[in-house]
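In: build me a structure from this.
(one chain, ligands or ions: 1)
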Amino acid sequence: MIRPFPELENIHAIPIELPGFEDLKTANIYAVGRGPFTLIDTGPKYPGLLEQLNYELRQAGYRLGDVERIILTHGHIDHFGMTYSIREAAGRDVACYIHPEDAWKISSANTSQDLWDHEAYEVMALAGMPLAEIEGIRERFSFFKDLCDPINNPCLMEDGDEFFGNAYHLTVIHTPGHTPGSVSLYESRSRVLFSGDHVIKHITPNPLIEMRRTDLRDPDYQSLRAFKKSLDKLQSFDIQYVFPGHGEYIEDVADVIRTYSVHHRQRMELVWQALNNKSRPLFHLIGDVFENVPEGDAFLAVSEIYVHLEMLINEGRAELADPGPPALYRALP
Ligand SMILES: [Zn+2]
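Out: Next up is the predicted model:
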């Protein structure tokens, strides 16, 4: 269990426990409003979760049928999975907003290919991952697909867009890094930041290696670089509480951001040291960078090594030694 969220007028936190994803603690859905009554994120489509959400909303004096608008912080299943079911339960066309850079992630074009882009094969092969391992990860992704229904043609929102309601005022802050289309939402009356997976208290969010970069507005997009820039962007907001996508609420956001910065610096040094002895493909660095990686998490491990390697290359401390496959990298002094 996590400690209870502060009671605020017009904002209800609905943390939902996620069996099988204990490291995330909870998936948090937030109900904001009246007029228009708005949900921020919708959780994954787990059996029984819609009923649980309905129950929690009733405790707060609402019904699923009251939902008028859904705002998604980003396009991952644990944040948009139940959107379709909620729209159906509401019995009408509920407007669903997402940033354009993540719209593809929630579309049937992505879910119909098991959330696994063909480019991921190439990227993992370049990292030196054995084919059997890649297939295993693909299967895991195909299980994730069952935890969501696709949303096609959502409404799009951009940085600086505002959502008004009776007694709330939300501003969209584009905070790419975890995904290219991640947003945080700032509610100015309560000074609450809904951070999605951009800021989480108990884990350092993963800036994930991004496929389909050529489709992004910035084809040179790098997740960790973008993530750090997005953290800086929060400094101009007067934040009383952060209400994250997972786990407990945060009071001292600056303190959490400081721990991220230390963590990233340490990870980057480990990657540099791992490459320092000899040039190696990324898959072979996992053991040097992480203490233990659960089976099936090799994709996340390679992804994390890759985003740190990009930063090392930016700083002139590493370079591509052989384009491969597998690609070999080496450290520079
Ligand atoms: Zn998440």
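
In: return the distance of the lengthiest helix in the chain from the chain's centre.
Out: The single longest helix within the chain, with elements called by DSSP state H, is helix 253-276. From the chain centre to the centre of helix 253-276 is a distance of 19 Å (Cα atoms, centre = their mean, to the nearest Å).

In: may I have it exported as CSV, CA atoms only?
Out: C-alpha atoms of helix 253-276 as CSV (Å, rounded to 0.1, in the frame of the first residue of the first chain):
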residue,chain,number,x,y,z
VAL,A,253,10.2,17.6,-6.6
ALA,A,254,13.6,19.3,-6.7
ASP,A,255,14.9,16.6,-4.4
VAL,A,256,13.7,13.8,-6.6
ILE,A,257,15.1,15.4,-9.7
ARG,A,258,18.5,15.7,-7.9
THR,A,259,18.5,11.9,-7.3
TYR,A,260,17.8,11.3,-11.0
SER,A,261,20.8,13.4,-12.0
VAL,A,262,23.1,11.4,-9.6
HIS,A,263,21.7,8.1,-10.9
HIS,A,264,22.2,9.0,-14.5
ARG,A,265,25.7,10.2,-13.9
GLN,A,266,26.5,6.9,-12.2
ARG,A,267,24.9,4.7,-14.9
MET,A,268,26.8,6.7,-17.5
GLU,A,269,30.1,6.0,-15.8
LEU,A,270,29.3,2.3,-15.5
VAL,A,271,28.7,2.1,-19.3
TRP,A,272,31.9,4.0,-19.9
GLN,A,273,33.9,1.7,-17.7
ALA,A,274,32.3,-1.4,-19.3
LEU,A,275,33.5,-0.2,-22.7
ASN,A,276,36.8,0.9,-21.4
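
In: any buried residues in it, and which?
Out: For helix 253-276, the neighbour count (16 or more other Cβ atoms under 10 Å) marks 253, 256, 257, 260, 264, 267, 268, 271, 272, 274, 275 as buried. C-beta here means a position set from N, CA and C on the backbone, and glycine is covered the same way.

In: next one: stretch 22-38
Out: Result for stretch 22-38 [16+ other Cβ under 10 Å]: buried residues 24-34, 36-38.

In: do stretch 44-60 as well
Out: By neighbour count on 16+ other Cβ under 10 Å, the buried set for stretch 44-60 is 44, 45, 46, 49, 50, 53, 56, 57.

In: okay, strands next: where are they in the chain?
Out: 11-17, 26-32, 38-40, 69-71, 95-98, 155-156, 162-165, 168-174, 183-187, 192-196, 241-244, 318-322, 328-331 (DSSP state E).

In: just give the nearest non-adjacent residue to residue 263, would you?
Out: Nearest non-adjacent residue to residue 263, counting by Cβ to Cβ, 6 or more residues apart in numbering: residue 204, 4.9 Å away.

In: residue 157 reaches residue 172, doesn't it?
Out: Yes - here residue 157 reaches residue 172: they are 5.1 Å apart, a contact under Cβ atoms under 8 Å.

In: quick check: neighbours shared by the two?
Out: Common contacts of residue 157 and residue 172 (Cβ atoms under 8 Å, 6 or more residues apart in numbering): 99, 183.

In: surely residue 138 meets residue 114?
Out: Yes - in this structure, residue 138 is within contact of residue 114 by Cβ under 8 Å, at 6.8 Å.

In: quick check: the gap between the nearest residue to residue 28 once chain neighbours are set aside and the ion.
Out: Setting aside the residues directly before and after it, residue 28 is nearest to residue 15 in space (Cβ to Cβ, 6+ apart), at 4.9 Å. According to Cβ to the ion, to the nearest Å, residue 15 and the ion sit 13 Å apart.

In: what about residue 15, how many residues close to it?
Out: When counting by other Cβ atoms under 10 Å, one arrives at 23 neighbours for residue 15.

In: quick one on the thing from earlier: how about the buried residues of stretch 22-38 in CSV, adding pLDDT and distance to residue 152?
Out: Below are those laid out as CSV (pLDDT from 0 to 100; distance: Cβ to Cβ, whole Å):
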residue, pLDDT, distance to residue 152
24, 85, 27
25, 88, 31
26, 93, 28
27, 94, 23
28, 97, 25
29, 97, 22
30, 97, 24
31, 96, 25
32, 96, 25
33, 86, 25
34, 82, 29
36, 94, 22
37, 95, 24
38, 97, 21
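
In: nearest to residue 280 among those residues?
Out: Proximity of those to residue 280 was ranked by Cβ to Cβ; the top entry is residue 24 with 31.1 Å.

In: how close does the closest one get to residue 43?
Out: Look at residue 24 and residue 43: by Cβ to Cβ, to the nearest Å, they are 11 Å apart.

In: shared neighbours of those two, which are they?
Out: By the contact definition Cβ under 8 Å, 6+ apart, residue 24 and residue 43 are jointly contacted by residue 78.

In: how is this structure carved up into domains?
Out: According to automatic domain parsing, the chain comprises the domains 11-110+150-251, 119-142+261-331.

In: wait, residue 167 sits on residue 32?
Out: No - contact criterion Cβ under 8 Å: residue 167 and residue 32 do not qualify, at 9.3 Å.
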